[in-house]
Structure formats: structure tokens, C-alpha cells
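K.L.:
below are the sequence and a predicted model for it; my questions follow.
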Amino acid sequence: MNETMQLSLLRERFYRRERRSVPATREFVRAAVADWGLGARLDDVLLCVSELATNALVHGVPPGRGYLVRLLLREGGAALRVEVHDSGDGEPVVREPGAGPEGESGRGLLIVAAMADRWGVGERNPGKIVWCEFGVWSAGGA
């Protein structure tokens, strides 16, 4: 019984390196959040997962590979952790608005830092795990 409960607090899915993976990732996350009865921060979560998945595709996924999205309910269901695992090199950095030659692009982690309660980068061999966390509440309460 405890093992079944633990499995229900974890969802993960692998996506190939292709454009349609980002909208598919959003739908996967939307369904998991709905299944868990969470909804108050859905827009924040979906925006951040879009940015992390896009960053993985653009900067972290070599040709022929993909990325893994893992969702975990932590701390007895009080926090949602979103992880995007990729096999690319490099350390993601937050860019300030107007920094760099990309113009409007290159601000994904700035958005994640503003919307999520916490975020960071973890080690993976090969690659990295970029994650963010949200305090969660049911759609009916705070």
C-alpha cells in the first residue's frame, strides 16, 4: 500500500528532441496536476515547465536524444517539484533583460526564477537536471 501511494506522488515521461515535445510536456503536467487535485498555481507551473522544456530542447538535448520530465509531490503534498533532465553540457544561467544578442529570447530562467518558489540545477551524468518547486494548494483553498 505504501509503495502504491509513493508511486502516485511521482510522474515522469520522456520526450524526443522535436518541436511538439514542449506542448506535449505542458499537457502531461496539466493532467498530473489535475489528477492530484492541485490547481491554484497551474498557470505558474505550466509557464515554468514550458521554459525548462524549451531550454532543454534548445540548449541541452543533442541530436538523436531527448529529455525527461519528472514531477514529484514533496513534503506530504505541500510542494510540487518539476525536474527536466537532459544530457547536454553547460550550466544554465539567469540572464537579465536586455542581456545578450538574443533580444527577446534567453529569458527562460529569469521567468522561472520569478514564478517558482525555488529553482536550481543538479548534476546528472551526462548532463544536468534543472528543477523548480512550487508550494501547492488545492484549487479551493490557499
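P.N.:
Received the coordinates, thanks. Numbers count the residues shown, from 1 in each chain.
K.L.:
rest of the way, CA atoms for contacts and neighbours
P.N.:
Will do.
K.L.:
how about stretch 45-59: buried residues?
P.N.:
45-57, 59 (16 or more other C-alpha atoms under 10 Å).
K.L.:
again, but for stretch 110-129
P.N.:
Neighbour counts using 16+ other C-alpha under 10 Å place 110-112, 115-116, 119, 121, 127-129 of stretch 110-129 among the buried residues.
K.L.:
point out where this structure drops to low pLDDT.
P.N.:
Where the chain drops to pLDDT under 70, the residues are 1-8, 97-106, 137-142.
K.L.:
where do the strands of it begin and end?
P.N.:
In the chain, the segments counted as strands under DSSP state E are 10-16, 66-74, 79-86, 118-123, 128-135.
K.L.:
residues contacting the shortest one, please?
P.N.:
Think strand 118-123. 91-92, 112-113, 128-134 (C-alpha atoms under 8 Å, 6 or more residues apart in numbering).
K.L.:
if you set the cut-off to 10 Å instead, what comes out?
P.N.:
81-85, 91-93, 109, 112-113, 128-135 (C-alpha atoms under 10 Å, 6 or more residues apart in numbering).
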